[in-house]
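>>> Predicted model and sequence follow; I will ask about them next.
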Amino acid sequence: MSTPVNVAVFVGSLRKASLNRKIANALAGLAGDDLKLEIVEIGDLPLYNQDLDDEGAPPASWTAFRDKVKTFDAVLFVTPEYNRSVSAALKNALDIGSRPYGKSVWDGKPGAVVSVSPGALGGFGANHHLRQSLVTLNVPTLQQPEAYVGNAAKLFNEEGALTNDDTKAFLTKFLNAFATWIAHNRKG
């Protein structure tokens, strides 16, 4: 048995009862032996201000975040849609990880995007907006299958467990495709 690929998971919603966190947890539970998914928290990161990096005094949370993300083989973003884009918390995490210039923690890490929404479109706008940033950050991003999880509020039981078998099957297919994508795009 080979060593599993370590995947950092970034949940864009900070809500306690976040549908995105529920999907992230479901993905971690559905991941086979090839992938080990771990949620990396982003909610306590102060807003990015380049002056702090330029002065050599970045907040300790930025440094800890950057150091942690560097240890992962791949990245997975689970995002809500806020005004047809990603949340401020997720965008802030992208910015912190991409700086200082030339030291991006994202560079070359294979990635994927899952967007989650209580609405029917499944966060389509956020999914594609996030992909634009990932191109700039040099994150080779899984193209197919695309993952838009719509009507997400109806997919879980009261304990937060995913109960929809079709969604479980789709997410398993997505994870298998992601594992293959990582194998073909991983550095080193």
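Here it is on my side, so go on.
>>> Quick check: phi and psi at the residue of the chain most remote from its centre.
Most distant residue from the mean C-alpha position of the chain: residue 55, 29.6 Å away (C-alpha atoms, centre = their mean). Phi and psi for residue 55, reported as degrees, to the nearest 10, are phi -80, psi 0.
>>> Can you tell me how far it is from residue 117?
According to C-beta to C-beta, to the nearest Å, residue 55 and residue 117 sit 40 Å apart. C-beta: built from backbone N, CA, C; applies to glycine.
>>> low pLDDT regions in the chain?
1, 188 (pLDDT under 70).
>>> Break down it into its strands, ranges please.
5-11, 35-39, 74-79, 111-116, 147-149 (DSSP state E).
>>> what's in contact with the fourth one?
Same thing as strand 111-116. 13, 19-20, 23, 27, 74-81, 122-124, 126-127, 130-131, 134, 139-142, 147-149, 152, 174, 178, 181 (C-beta atoms under 8 Å, 6 or more residues apart in numbering).
>>> before we move on, what about the longest one?
When contacts are defined by C-beta under 8 Å, 6+ apart, strand 5-11 is touched by residues 18, 20-21, 24, 27-28, 31, 34-40, 42, 68-69, 71-78, 90, 93, 178-179, 182-183, 186.
>>> what do you get for the second one?
Strand 35-39 is touched from outside by 4-11, 21, 24-25, 27-28, 31, 72, 76, 175, 178-179, 182, with contacts defined as C-beta under 8 Å, 6+ apart.
>>> Mind doing that once more with 6 Å?
The contact list for strand 35-39 (C-beta atoms under 6 Å, 6 or more residues apart in numbering) reads 4, 5, 6, 7, 9, 24, 27, 28, 31, 179.
>>> I'd say residue 30 and residue 169 touch.
No - using C-beta atoms under 6 Å, residue 30 is not in contact with residue 169; the gap is 9.5 Å.
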